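Enquirer: build me a structure from this.
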Amino acid sequence: MNILEAVEKRRSIRAFKKKPVSKETIEKILLAARWSPSGHNTQPWEVAVLMGKNKDELSRRLLDAIIQKKERKFDYLETSYFSPFLQKRRDACDNGIFKHKKIDIKDKKTVKQHILENYYFFHAPVELILFMEKGLGCGQFIDIGMFAQSIMLAALEFGLGTCCQGTIALYPQAIKEFLGIPENKIILFGIAMGYPDEEADINRYRPSREPLKKFAKIYDTNQRFEP
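Expert: Residues are numbered from 1 along each chain as shown. Next comes the predicted model:
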């Protein structure tokens with residue numbers, strides 16, 4: 001698989017095989033991802049890797065935090081989303097997922113169970129928690145995004161699938177208390193990782209992407225800049 005194939009093949013996996021992922025494989029992925037770019041080589045990323053009983057216990061604590069309706073301190077998704085980001089893209093993505101999982105959007109109980117799958121980490125054998133120091137700038141958020149993409153692309157080399165999860169950052173205290181992460185850190189998001197269950201219909205779903213002309217304009221030597 002070449003680099004372009006890896007970028008185009010990557011997709012969010014929401015059903016995994018029970019096959020475990022070795023510690024050695026995870027270390028190889030993270031060693032590769034550490035070469036991701038960062039402003040002035042700040043390397044702001046920090047990662048907690050959970051497997052087995054530790055992963056299951058964190059899942060239990062997150063679910064308990066939801067039941068207790070503990071305060072949410074960091075929203076990955078802005079509540080003021082506007083078109084086309086909300087109505088056209090996010091809603092279309094959600095509807096596509098519901099269709100592949102055969103969920104009736106009016107069935108609140110089933111929709112809730114679907115949302116809770118995030119806190120089971122989609123039953124993946126590995127969950128990565130990404131976090132960083134408080135007080136760093138928006139540039140470091142960008143750096144960690146590039147680091148995460150490197151992780152997800154490197155995972156393909158080993159036949160692994162991944163799914164980013166912003167929702168777990170809604171309950172940072174449960175994560176910090178369990179992992180002993182100090183208060184001067186920001187929990188950003190998680191990455192579920194494992195071997196994809198290719199027979200699961202949900203893993204066949206992939207949201208569409210906008211055509212090139214929608215998001216890019218090439219200014220060559222013969223073209224004037226027109227704001």
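
Enquirer: what about Glu24, neighbour count?
Expert: Glu24 has 8 neighbours, counted by other CB atoms under 10 Å. C-beta coordinates here come from the backbone N, C-alpha and C atoms, glycine included.

Enquirer: again, but for the one 5 residues further on
Expert: In terms of burial, Ile29 registers 26 neighbours under the definition other CB under 10 Å.

Enquirer: show the backbone phi and psi for it.
Expert: Note on Ile29: backbone dihedrals following degrees, to the nearest 10 are phi -60, psi -50.

Enquirer: look up how far Leu62 lies from it.
Expert: Counting by CB to CB, to the nearest Å, the gap from Ile29 to Leu62 is 24 Å.

Enquirer: tabulate the CA atom coordinates of the helix ranked longest in the chain in PDB.
Expert: The single longest helix within the chain, with elements called by DSSP state H, is helix 138-156. The C-alpha coordinates for helix 138-156 follow below in PDB (Å, rounded to 0.1, in the frame of the first residue of the first chain):
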ATOM      1  CA  CYS A 138      -4.400  26.500  18.900                       C
ATOM      2  CA  GLY A 139      -1.300  25.600  16.900                       C
ATOM      3  CA  GLN A 140      -0.700  22.700  19.300                       C
ATOM      4  CA  PHE A 141      -4.200  21.400  18.700                       C
ATOM      5  CA  ILE A 142      -3.300  21.400  15.000                       C
ATOM      6  CA  ASP A 143      -0.100  19.500  15.800                       C
ATOM      7  CA  ILE A 144      -2.000  16.800  17.700                       C
ATOM      8  CA  GLY A 145      -4.400  16.500  14.800                       C
ATOM      9  CA  MET A 146      -1.500  15.700  12.500                       C
ATOM     10  CA  PHE A 147      -0.100  13.300  15.100                       C
ATOM     11  CA  ALA A 148      -3.500  11.500  15.200                       C
ATOM     12  CA  GLN A 149      -3.600  11.200  11.500                       C
ATOM     13  CA  SER A 150      -0.100   9.700  11.500                       C
ATOM     14  CA  ILE A 151      -1.300   7.100  14.000                       C
ATOM     15  CA  MET A 152      -4.400   6.100  11.900                       C
ATOM     16  CA  LEU A 153      -2.300   5.800   8.700                       C
ATOM     17  CA  ALA A 154       0.400   3.900  10.400                       C
ATOM     18  CA  ALA A 155      -2.200   1.500  11.800                       C
ATOM     19  CA  LEU A 156      -3.100   0.500   8.300                       C
END
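
Enquirer: quick check: buried residues in that helix?
Expert: Neighbour-count burial for helix 138-156 flags 140, 143-145, 147-148, 150-156 (criterion: 16 or more other CB atoms under 10 Å).
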